[in-house]
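> could you work out the structure for the sequence below:
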Amino acid sequence: MTDKRSTFRWTGLIFLLALLVAGGGALAAEMGQADAEFMTAEVEGSKAWKGGGTIDLKGRSKPLTLKVSNPLAAEHGFAIDTMKVKDVIKPGETKAITVPLENIDQSVSEHRVYCQLHPKHVAATLKVTK
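The predicted structure is shown next:
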């Protein structure tokens, strides 16, 4: 009886660990491996998207992952027209946004990142090289 109970416990523990590893791996892939990060900020009284950088698309086969955070008290839009991205980020939310390569306008090297909800907010830029 003890052997069956012990085997059952070990099997359950291994199953639980496998679930945790799989879930943790997915979360790490979603949030930790971002190609670019953006965050809302208030700069001299104006709200803005901060972040961006340069992404090299040469030889790339997987979609872009953008990590987008909004630590401010109001929701803010996150849009990149030349990548077919339009989302709303709630207060306190961090979100991973996936951009399929076919959604990226290849004729553009500097992509404007802006808030579609508040047109006066300061935009950011995401540069893409090929």
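
> residue ranges in the chain under the pLDDT threshold?
1-32 (pLDDT under 70).

> just so I have it, where are all the helices in it?
Applying DSSP state H to the chain gives helices spanning 2-27.

> quick check: longest strand of it.
strand 46-56 (DSSP state E).

> give me the contacts around that one.
With C-beta atoms under 8 Å, 6 or more residues apart in numbering as the test, strand 46-56 has contacts from 35-43, 64, 72, 76, 78, 113-115, 118, 120-130. C-beta: built from backbone N, CA, C; applies to glycine.

> if you set the cut-off to 7 Å instead, what comes out?
By C-beta atoms under 7 Å, 6 or more residues apart in numbering, the list of residues contacting strand 46-56 from outside reads 35-41, 64, 72, 113-115, 118, 121-129.

> export that strand to PDB, keeping only CA atoms.
What follows is strand 46-56 as a C-alpha-only set of coordinates in PDB (Å, rounded to 0.1, in the frame of the first residue of the first chain):
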ATOM      1  CA  SER A  46       2.800  65.500 -21.700                       C
ATOM      2  CA  LYS A  47       2.000  61.800 -22.000                       C
ATOM      3  CA  ALA A  48       4.200  59.800 -24.300                       C
ATOM      4  CA  TRP A  49       5.200  56.400 -25.500                       C
ATOM      5  CA  LYS A  50       8.900  55.700 -24.600                       C
ATOM      6  CA  GLY A  51      11.000  52.900 -25.900                       C
ATOM      7  CA  GLY A  52      11.500  51.400 -29.300                       C
ATOM      8  CA  GLY A  53      14.900  50.800 -30.800                       C
ATOM      9  CA  THR A  54      16.000  49.000 -33.900                       C
ATOM     10  CA  ILE A  55      15.000  45.500 -35.100                       C
ATOM     11  CA  ASP A  56      16.900  43.600 -37.800                       C
END
